[in-house]
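A.B. asks: sequence unavailable; structure follows:
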C-alpha cells in the first residue's frame, strides 16, 4: 500500500513540516512522492499564494527564504487535497480546526490516519478537550500528536532539535518517524498522546508566566522557579485528571525541553512581559504587537482556570490561579509568588 | 541548647548567605544572635576586609551595595570562628576546601553539624567524590547540602527564588530551613544528599554545553535539546553509580530549575561560547575574561570523563563524551550533536 500524505496548513510550522516531509517521502518506497499541502488561499501582490509556492517552491509569506521540495503541491481546495490521503498532518491555528474538520467529514478515506502538530486546548462549556480528541471525534480515525521545543524558523534553518511523537499505534509511530526524522530533527516516540498534548497546551501558561517575571524585571532565578513550579502544576494536572499520562513523558522534548526554551523564546513570554509593563489588556497588545494574531497563552489561562473552578480543584493549583488573578482579575503582578 | 553559627567563606554567595542567616537567627530563641563569618583576609586600599565588613556592614569587594546585618562578625582567624560553632556553613571555592578542613580538624565541637553550599566535584586518582563526603571524612560530623537556581546577586536583591536542601537528618533539615528560609528564598527539604550535590556539580558541564551551542550561533531549540539531553545523562549517571538518588530530586530547584537557568545565565556558559568563538583554551579564557578565576565547568568535564573511562561506562554517556572531545581533544564544536 502506498501512503499519500496531505498537510493541512501552510504557516511557518506547516511549511517547515512540508520541507521535511517532502524530502523524506522520496527516501522510502512506501510513500507517494507527491505531497499535498492545503493552503488557505490569499493574494500576494497580483498572484495567489498557491501559485507562488508551486512555481517558486517557497512560502514567501510565512516561511520566506526557505526552499520547499518541488514535490510539495500547494492546493487551496481542501477536498482535492484530502481525497486520496492516507496520512493527514494537521498544522493550522487552533481556532480554524473545527471548521476545517467539518468540511472534511465524509470525504476522507476510512484507512486514513492523522497526526496533530497543533499546540493548545479546546474548551466547550466547562470542559476542556484536546485537539486529538476532536479530530478523532469528527473524523473517526486514529490520531497521533507531535510536540517539542521546535521554533519553526530554527527547524527550517536545520539547527539541531528534538521532538516528541505520542501515539498508541506503534505502526503509526514508525510511519511518522520516517516522515519527520532528519539529521537535525530527532524524533522520540512515546506511547502517550495526552501527556504530549497536555505539555504542548499548558506550556502556553508558563510562557505568559515567564513574561510576567520579565515584566517585573526579576532575574533568572525567579524565572527558573516560576517555570519549574508551573511544570509541577502541569504534572499535578495530569495526575488528577489524566492518570494514564506517563511521568516519563515530561522528561521528553515536549516536556522539560519546551519548558527550558520558554526561558526567553516565544510570543507568549513577550506578551506577558508587555502586559505587566504597559498594563494593557491582552487583546489590545495582540492587536498592537502581533497584527491581531491570537496567542494561546491568554485563552489557555482562562480555560484551565474555568475548568479547575468547575471541578472544585482550583485550590490545588495556586500557581495557575495566581496567573489567572493577575491576567484577568487585576491582581498585582508581584502576587505571582504569593502562594508558592 | 543554643546554636552558634559560623559561615566559612565570604564571596558573593557566602555574603548573601550571611545576609539571610544574620537576619533569621534573630527570629528564633534557639540561635545565638552573633554569627561568625570567616573571611580570607585581604587589604582593600589601607584597610582590612574584615574591618570594613565589621564597621561598614558591607562586603565591599564581593557583594558591594548590599547591607549585611550588624550581627555578622567577620573574622580572619579560622579557629576563633569555629571554636564554639554548632552549625558550620561551607561556602568557599572548591579548591580551598581541603586546606581549610585540615586546619579545622581537632578544633571543632563534637556536636557540630555542617551544610555545604559548594557546587562541584572532587577527584582523587580515577575516583570522584562529593564535597559532603570530604567534609564528613575530615571532620566526622553530619553534613547536609544546599543547591538550586540561586545566582547570588539576585538572591541578595531579594528576587524570589527556590533552593533545595538535602539532608538525612530531619532535625537538621528543620534547623537549616529556619536559617535559610525567607519570603524570597523558598526552601525545600529532600531526604537525598547525593542527588542534590550531583545536580549542583554536573550542571557545570551543561553550562559549558549551552555555551557551545551559543558559540555555534544555533538557537533556543538546540540549546533546550542539549540541556535536556545533558540532564538525562546526569540522571543516568545517578542511576548507575548512585542508585540511592531519588528521581524526584531532579524535579526540585537543584534539578530542572537550575538547568532552566543555564539557558543563558552563568559564567560556564559564557566560557563555552568564547571557547568556540575564539578557539582559545579554557585556561587562557579564564585568565583574560575572569581575572584568573577558575570555573568548575572545564574541571568537571575532565573529571567525569576520566571517571567514566576508568569505569568502562563512557559509551553509555555519548553526550558527556562529546563535550569532552570538543573541549579537550580538538573535536569540532558541531560534533556536539553527533551521537545524540
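C.D. replies: Nice, I can see it. Because the structure is a prediction, the values reported are computed rather than measured. Numbers count the residues shown, from 1 in each chain, chains lettered A, B, ... in the order given.

A.B. asks: from the stretch 51-200 of chain A, which residue is nearest to chain B?
C.D. replies: residue A:161 (3.5 Å; CB to the nearest CB). Just so you know, the C-beta spots here come from the backbone N, C-alpha and C atoms, and that holds for glycine as well.

A.B. asks: for that residue, phi and psi?
C.D. replies: Main-chain torsions, residue A:161, degrees, to the nearest 10: phi -160, psi 180.

A.B. asks: count the neighbours of the closest residue to it other than its chain neighbours for me.
C.D. replies: Nearest residue to residue A:161 in three dimensions, chain neighbours excluded: residue B:221, at 3.5 Å (CB to CB, 6 or more residues apart in numbering or on different chains). The number of residues packed near residue B:221 is 30, by other CB atoms under 10 Å in any protein chain shown.

A.B. asks: can you check the pLDDT for residue B:221?
C.D. replies: On pLDDT, residue B:221 comes in at 93.

A.B. asks: hang on, isn't it packed against residue A:163?
C.D. replies: No. Judged on CB atoms under 8 Å, residue B:221 makes no contact with residue A:163 at a distance of 9.2 Å.

A.B. asks: common neighbours of the two, please.
C.D. replies: Shared contacts of residue B:221 and residue A:163 (CB atoms under 8 Å, 6 or more residues apart in numbering or on different chains): A:149, A:150.

A.B. asks: separation between residue A:1 and chain B?
C.D. replies: 33 Å (CB to the nearest CB, to the nearest Å).

A.B. asks: quick one, what contacts that residue?
C.D. replies: Contacts of residue A:1 (CB under 8 Å, 6+ apart): A:30, A:86.

A.B. asks: look up how far residue A:80 lies from it.
C.D. replies: According to CB to CB, to the nearest Å, residue A:1 stands 21 Å off from residue A:80.

A.B. asks: now do residue A:230
C.D. replies: 43 Å.

A.B. asks: which residue of these two possesses the greater neighbour count?
C.D. replies: Shown here are residue A:230 and residue A:80; by other CB under 10 Å, residue A:230 has more neighbours (23 against 14).

A.B. asks: quick check: which element contains the more buried one?
C.D. replies: helix A:220-241 (DSSP states H and E).

A.B. asks: one more: residue A:302?
C.D. replies: helix A:296-310.

A.B. asks: list the buried residues for that helix?
C.D. replies: A:296-308 (16 or more other CB atoms under 10 Å in any protein chain shown).

A.B. asks: right, and the helix or strand after it?
C.D. replies: Using DSSP H and E, the helix or strand that directly follows helix A:296-310 along the chain is helix A:318-328.

A.B. asks: and that next one, what other elements does it pack with?
C.D. replies: Under the contact criterion of 3 or more CB pairs under 8 Å, 6 or more residues apart in numbering or on different chains; DSSP states H and E, helix A:318-328 touches helix A:193-215, helix A:220-241, helix A:296-310.

A.B. asks: please identify the most buried of those.
C.D. replies: helix A:193-215 (a mean of 27; mean count of other CB atoms under 10 Å in any protein chain shown).

A.B. asks: near chain B, anything from that one?
C.D. replies: No. Residues of helix A:193-215 contacting chain B under CB under 8 Å from any CB of the partner chain: none, with a closest distance of 8.6 Å.

A.B. asks: how big is the angle separating that helix from helix A:296-310?
C.D. replies: If you take axes from the mean of the first three to the mean of the last three CA atoms, to 10 degrees, helix A:193-215 sits at 110 degrees to helix A:296-310.

A.B. asks: pretty sure residue A:294 is touching residue A:286, no?
C.D. replies: Yes. Here residue A:294 reaches residue A:286: they are 6.1 Å apart, a contact under CB under 8 Å.

A.B. asks: neighbour-wise, which of those two wins?
C.D. replies: Set residue A:294 next to residue A:286 and count neighbours by other CB under 10 Å: residue A:286 wins out with 19 against 14.

A.B. asks: once you drop chain neighbours, what's closest to residue A:134?
C.D. replies: residue A:122 (5.7 Å).
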